[in-house]
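S.K.: below is the sequence, then the predicted model.
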Amino acid sequence: MEGVVESIPPSHQMEDISETMPPLPQIGDAPESTPKRNPVLNNPQLDVNIPDDSHPMRQLDIPDDPLHLPLPDPIGQILVNDHTYDILEVISSSQGLVGRGTICYLAWRGDEEYIVKDHWVLGSKVDALNKVKMLQAMKDVHGVPQFIDHWLVEIKPGEVDQMGLYCYKLLNSLQGAIRTHVHLVLKPCTRPLYMFQTKAELLGDIIRIQKTAVEEKGILHRDCSLNNSMIEDDSNGSHGTLIDWEFAMFIAQGQKYARGGTGTMPFMSQVAPVPALRGSRLIIHHYEYDLKSVFYVFIWICIGYKGPLSVKSVLDRRYNWLVHKWSTITFKACNDKKTTFFYHSHTHKFDEQFHPYFKNLVPLAVEWYNLIRNKGPSNAVTFQEVLDLLDKHLAELLKELSPELLFT
């Protein structure tokens, strides 16, 4: 009958399934299945102080080792002479006006990985090949990228791509500022220095590369900076790599060089580029300027980062951080800050501004600072003095287990 709900006979009513359902798991119950084996935590050969089973580290899901994963699908292609490379990923990029950008790709050709650098080099077609010449001269130096190939990019057959082609009018102010488009192929793939896994990886190798370049090859790098200091991983472990030899020069009599390539401002020596002669376009540049740049890179990492694997610190702009003082707009202002930094003792700044993770490196920073300060401009610090200092302190550092290694 409409509007009337008939009762369901007891034989057709839903059975009480509460008795047939398995009991719900209670908080704290252990899973019945055997937990996955952690290759790091269950390896008795690793000297790692891991707490008992209640520690959260034992409850982490360990992802697949990225080295064993298949290569990603190409995201594009890039031409270098007659060879086409599949682009796997963009490693780094910097933007700017026409003729100032740089992109580094991880690329693949055949069955090997390469680094392809698509960039604009200061100067003419001849100047653009200086980096190639330097890499070829340094080909047997451990820690210098291996040169594979290069191409002066052509917009049509026989016409090299240069910044001047995009200028409405070539003014006198643009003299010496024209750049040439270059594709450069290198090996191997590296990670930035600030992606270090242990403190022992930080600086020693970069100085050894500089020392070999100067003393055995007669070459000055002239642009040691945070972004040019790298780490390579190979079958023998990890070691430092110094890249970007675009402004490198053979050491000249009288130490006189073209103005281009005096360094990246926050990491330049506080000694201003001195003209070789009044009105000259040549400047004086000594090896110790490059050596001091490594010191600034070291201080920058200890203040600007708070641990391994590129974890940056958040620095309050209201405080007078050293790294902010070295990042001024003009060269003169930066030079004045660094001159004051060494003229008046600033060793207390290391204890105040180093992140707690780097506190055990404060004694090294103080000794390195005093070595530079006490030598003075007329008595240069040598490579071996700095290497001896680094070796003394780095030998005392524990080989911390990298957080990255816990997931590989």
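M.R.: Now that the structure is in, tell me what you want to look at. Residues are numbered from 1 along each chain as shown.
S.K.: quick one: distance of the helix or strand hosting residue 181 to the chain centre.
M.R.: Using DSSP states H and E, residue 181 falls within strand 179-187. Chain-centre distance of strand 179-187: 19 Å, with C-alpha atoms, centre = their mean, to the nearest Å.
S.K.: next helix or strand past it?
M.R.: Using DSSP H and E, the helix or strand that directly follows strand 179-187 along the chain is strand 191-192.
S.K.: elements contacting that next one?
M.R.: Strand 191-192 makes packing contacts with strand 229-234 when contacts are defined by 3 or more C-beta pairs under 8 Å, 6 or more residues apart in numbering; DSSP states H and E. Where you see a C-beta, it was placed from the backbone N, CA and C, and this is true even at glycine.
S.K.: mean confidence (pLDDT) on the strand holding residue 181, please.
M.R.: Strand 179-187 carries an average pLDDT of 94.
S.K.: and that strand, what does it pack against?
M.R.: Applying 3+ C-beta pairs under 8 Å, 6+ apart, one finds that strand 179-187 contacts strand 76-80, strand 112-122, helix 125-128, helix 130-137, strand 146-152.
S.K.: weakest of the ones you listed in terms of mean pLDDT?
M.R.: For these, the bottom mean pLDDT is recorded on helix 125-128, which sits at a mean of 86.
S.K.: and the longest helix belonging to the chain, which residues are buried?
M.R.: When the chain is parsed with DSSP state H, its longest helix is helix 287-304. Neighbour-count burial for helix 287-304, counted by 16 or more other C-beta atoms under 10 Å, picks out 287-304.
S.K.: could you do stretch 214-228 as well?
M.R.: Residues of stretch 214-228 classed as buried: 214, 217, 219, 220, 221, 222, 223, 224, 225, 226, 227, 228 (neighbour count, 16+ other C-beta under 10 Å).
S.K.: for these, which two are the farthest from each other?
M.R.: Greatest spatial distance in the buried residues of stretch 214-228: 217 and 226, 23.7 Å, computed using C-beta to C-beta.
S.K.: lowest average confidence, helix or strand, in this structure?
M.R.: Least confident helix or strand, the chain: strand 274-275 with a mean of 52, by mean pLDDT, DSSP states H and E.
S.K.: give me the domain ranges for this structure.
M.R.: 55-189, 190-408 (automatic domain parsing).
S.K.: would you confirm that residue 139 contacts residue 145?
M.R.: No: checked against C-beta atoms under 8 Å, the pair residue 139 and residue 145 is beyond contact range at 9.6 Å.
S.K.: contacting residues for residue 357?
M.R.: 306, 307 (C-beta atoms under 8 Å, 6 or more residues apart in numbering).
S.K.: try 10 Å this time
M.R.: Neighbour list for residue 357: 199, 302, 305, 306, 307, 308, 311, 313, 400 [criterion: C-beta atoms under 10 Å, 6 or more residues apart in numbering].
S.K.: please flag which of these sit within strands.
M.R.: Judged by DSSP state E, the subset of these located in strands is empty.
S.K.: circling back to that earlier point, and among the domains of the chain, the most buried is which?
M.R.: Mean neighbour count, computed with mean count of other C-beta atoms under 10 Å, is highest for domain 190-408 among the domains of the chain, reaching a mean of 17.
S.K.: show me the shaky parts of the protein.
M.R.: 1-69, 71, 96-100, 168-176, 254-263, 270-283, 377-378, 398-408 (pLDDT under 70).
S.K.: partners of the nearest residue to residue 135 once chain neighbours are set aside in the sheet?
M.R.: Once flanking residues are discounted, residue 135 sits nearest to residue 147: 3.9 Å by C-beta to C-beta, 6 or more residues apart in numbering. Taking DSSP bridges as the rule, residue 147 bridges to residue 186.
S.K.: could you look up the SS state of residue 339?
M.R.: Secondary structure state of residue 339, per DSSP: H, G, I helix; E, B strand; the rest coil, is helix.
S.K.: in terms of contact, does residue 326 touch residue 334 like I think?
M.R.: Yes: at 6.0 Å, residue 326 counts as touching residue 334 under the criterion of C-beta atoms under 10 Å.
S.K.: report the contact partners of residue 153.
M.R.: Contacts of residue 153 were listed using C-beta under 10 Å, 6+ apart, and they are 79-80, 118, 120, 128, 159-162, 180-183.
S.K.: ok, whatever helix or strand residue 108 lives in: who's next to it in the sheet?
M.R.: Per DSSP H and E, residue 108 falls inside strand 102-109. Strand 102-109 pairs in its sheet with strand 83-94 (antiparallel), strand 112-122 (antiparallel), by DSSP bridges.
S.K.: want to try CSV for these, with distance to residue 382 as columns?
M.R.: Output for those, formatted as CSV (distance: least, C-beta to C-beta, whole Å):
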stretch, distance to residue 382
strand 83-94, 33
strand 112-122, 31
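S.K.: nearest to residue 393, out of those strands?
M.R.: Closest to residue 393 of these, according to C-beta to C-beta: strand 83-94, at 30.3 Å.
S.K.: and the closest one, how far out from the chain's middle?
M.R.: The answer for strand 83-94 is 17 Å, by C-alpha atoms, centre = their mean.
S.K.: circling back: go through the helices and strands packed on strand 179-187 and name the closest to residue 385.
M.R.: With C-beta to C-beta as the measure, helix 130-137 is the member of the helices and strands packed on strand 179-187 nearest residue 385 (26.0 Å).
S.K.: run through who's touching the closest one.
M.R.: Residues outside helix 130-137 that contact it (C-beta under 10 Å, 6+ apart) are 117, 119, 121-123, 129, 141, 144-150, 182, 184, 186, 213, 217-221, 243-250, 260-261.
S.K.: now that helix, how far from the centre of its chain.
M.R.: Averaged C-alpha coordinates place helix 130-137 at 21 Å from its chain's average position (C-alpha atoms, centre = their mean).
S.K.: again, but for stretch 352-362
M.R.: Distance, stretch centre to chain centre, for stretch 352-362: 20 Å (C-alpha atoms, centre = their mean).
S.K.: for stretch 314-323, same thing?
M.R.: The chain centre lies 22 Å from the centre of stretch 314-323; the measure is C-alpha atoms, centre = their mean.
S.K.: end to end on that stretch, go ahead and measure it.
M.R.: Terminal residues of stretch 314-323 are spaced 12 Å apart (C-alpha to C-alpha, to the nearest Å).
S.K.: cool, and stretch 376-383?
M.R.: One end of stretch 376-383 to the other measures 15 Å (C-alpha to C-alpha).
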